[in-house]
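# Task: produce atomic coordinates for the following.
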Amino acid sequence: MDARKVMTRSLVAVLTGLGTAAASETVYVLRTADLECLSANTSAYLAEDKVAYVISLPSCPETAVDFRDYVTNSAPDFELEERAHDALIVLTRPQLECLADAKIDRAAPFHRLWPARCLIEASTGE
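As a prediction, this is how the structure comes out:
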């Protein structure tokens with residue numbers, strides 16, 4: 001197995017909690033418009049046949065970006081800011097597949113997503 005695949009699998013395990021006894025499960029807070037875009041474009045993401053999908057929601061439906069190109073041989077330059085919603089999410093293939101037919105409450109400003117359980121609920125963002 002080449003080094004890039006090992007790095008990818010290790011990063012996926014860390015980001016998704018696979019292979020560890022995670023103390024809490026991942027919950028994303030998504031803007032309704034971002035969830036609608038993600039749900040409408042799952043087939044485009046799934047066509048790439050990856051182990052995990054690192055998705056920048058502001059770039060949805062852009063699928064050509066490979067996060068490994070940003071971290072290979074360089075230190076990532078992250079700027080953290082306080083937000084009411086998530087802008088970057090990591091999903092496995094089955095987690096992304098479950099979003100294809102997501103029930104979205106368009107009247108709600110946000111939705112919470114528990115990817116491990118494929119559970120989506122409308123939220124006010126609080």
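# what sits against residue 37?
Taking CB atoms under 8 Å, 6 or more residues apart in numbering, we find residue 37 in contact with 57, 60-61. (Each C-beta comes from the backbone N, C-alpha and C, glycine too.)
# hmm, 7 Å instead?
By CB atoms under 7 Å, 6 or more residues apart in numbering, the residues touching residue 37 are 60-61.
# For residue 96, see how far away it is.
In this view, residue 37 and residue 96 are 13 Å apart by CB to CB, to the nearest Å.
# quick one, helices of this structure?
For the chain, helices defined by DSSP state H occupy the ranges 3-16, 32-40, 42-46, 68-71, 93-97.
# Could you give the number of residues near residue 42?
By the criterion of other CB atoms under 10 Å, residue 42 has 19 neighbours.
# need the contact list for it.
Neighbouring residues of residue 42 by CB under 7 Å, 6+ apart: 96-97, 99-100.
# With residue 112 instead?
Counting by CB under 7 Å, 6+ apart, residue 112 makes contact with 27, 29, 121, 123.
# try it again with 8 Å
Residue 112 makes contact with 27-30, 120-121, 123, according to CB under 8 Å, 6+ apart.
# where does the nearest residue to residue 113 once chain neighbours are set aside land on pLDDT?
Take residue 113 and drop its neighbours on the chain: the residue closest to it by CB to CB, 6 or more residues apart in numbering is residue 28, 4.5 Å away. The model reports residue 28 with a pLDDT of 95.
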